[in-house]
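# Got a predicted structure here, sequence first:
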Amino acid sequence: MTETRTPVKFCTAVVTGATGFIGGHLAHRLHDAGVSVTAIVRDSSDPARIAALPGQAEAIPAHDDGSRLINIVKQATPDVVFHLAARFSSSHTHADIDGVITDNVTLTARVCEAATAAGCPALVVAGTAWQNAGSTPGDPTPSPNSFYAASKQAADDIIDYYCGQAGLNTVTLKIYDSYGPNDPRRKFLATLRDAAANQTSVEASPGDQLLHLVHVDDLVDGFVHAGNLLYSGEVCGRASHTLPSGEPVTLRAIAETWMRANGENIDIRWGGRPHRSGEVMVPWEGVPLPGWSPRIDLATGLGGC
């Protein structure tokens, strides 16, 4: 996308989750803007994806007690820490519990501890709108729809502690659905791409669920803007905001827009499968990040995705 993007006002940053979709785009945006970026990755991450990262990548062993993380963050002397690392699961089994808690709750606590120890008071965290899946519009009271969302809410509670007791200034950005180039995730748009390439049909849910689908470049703008607000001191203490699209649209409308944008005509059998358990039919509406709004419309963004 060629639109003017949000300028970066800080000089150094630490990014967790940089081998992920949004985190990777954020790391590249910061690096291209001249920011000294230290990416913190798991030692089990795909070496090819680590090698593709700009700046410096530091690996954390799976069983690190937090001491290496603290040392890395201290050495990086970041103006802002961006915490996007997480383990996502729309549903879980008992075997997933330990991993989800370790990656989403324990790691968040260690990132907060490391930022505090390094004297970096600015932390931007990726949350999920699913933390409020069952909440009424505008009501910030949590109502998670999955174990994953509950773990993200537990991480937010940990952050509240560090903000109140250790002087950490933090913005949680609750994300809805995302899309964009080089997306490795097996989501609905990937299903459409495969069906178009193989000339096959797609069995889908009824498609009447409403989604806030936001381009990754716009989401990265939101993270950069939040980092700017914290770095400049315009935002202090604890804040939580959403990064929504201009308006939610149905999954059917997204599919139709994708087909028009890419010149495809796929046989989609709507209602061929039921909605998944815990499906959010109408997205919760929170308080959008002040000073930010999405710039890329679906028709433009979906072309080539």
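Sure, I can see it.

# Show me where the stretch 101-250 of the chain has its strands.
Assigned by DSSP state E, counting those that start in this stretch, the strands in the stretch 101-250 of the chain fall at 122-128, 169-175, 177-179, 202-204, 210-211, 213-215, 238-243, 249-250.

# CSV please, covering these and showing mean pLDDT.
Below are the strands of the stretch 101-250 of the chain laid out as CSV (pLDDT from 0 to 100):
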stretch, mean pLDDT
strand 122-128, 98
strand 169-175, 98
strand 177-179, 97
strand 202-204, 97
strand 210-211, 98
strand 213-215, 98
strand 238-243, 98
strand 249-250, 98
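
# Go through those strands and pick out the most buried.
Greatest average neighbour count among the strands of the stretch 101-250 of the chain goes to strand 122-128 (a mean of 26), per mean count of other Cβ atoms under 10 Å. (Each C-beta comes from the backbone N, C-alpha and C, glycine too.)

# Output that one as PDB, nothing but the C-alphas.
C-alpha atoms of strand 122-128 as PDB (Å, rounded to 0.1, in the frame of the first residue of the first chain):
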ATOM      1  CA  ALA A 122       6.200   2.300  27.500                       C
ATOM      2  CA  LEU A 123       4.500  -1.000  26.500                       C
ATOM      3  CA  VAL A 124       2.100  -1.700  23.700                       C
ATOM      4  CA  VAL A 125       0.300  -5.100  23.900                       C
ATOM      5  CA  ALA A 126      -1.800  -7.000  21.400                       C
ATOM      6  CA  GLY A 127      -5.100  -8.000  22.900                       C
ATOM      7  CA  THR A 128      -8.200  -9.500  21.300                       C
END
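
# Would you pull up how far that strand lies from the middle of the chain?
9 Å (Cα atoms, centre = their mean, to the nearest Å).

# Can we start the residue count at 874 from this point?
Let's use 874 as the start, then, which means that last one is strand 995-1001.

# what residue of the protein is the furthest out?
Taking Cα atoms, centre = their mean as the measure, the residue most remote from the mean C-alpha position of the chain is Q1072, 31.8 Å away.

# could you check the distance from P1156 over to G1110?
Distance of P1156 to G1110, given as Cβ to Cβ, to the nearest Å: 27 Å.

# okay, the two: which has more neighbours?
The neighbour comparison of P1156 against G1110 (other Cβ atoms under 10 Å) goes to P1156, with 21 against 11.

# hang on, isn't the more buried one packed against Y1049?
Yes. Contact criterion Cβ atoms under 8 Å: P1156 and Y1049 qualify, at 6.0 Å.

# Fine by me, thanks again.
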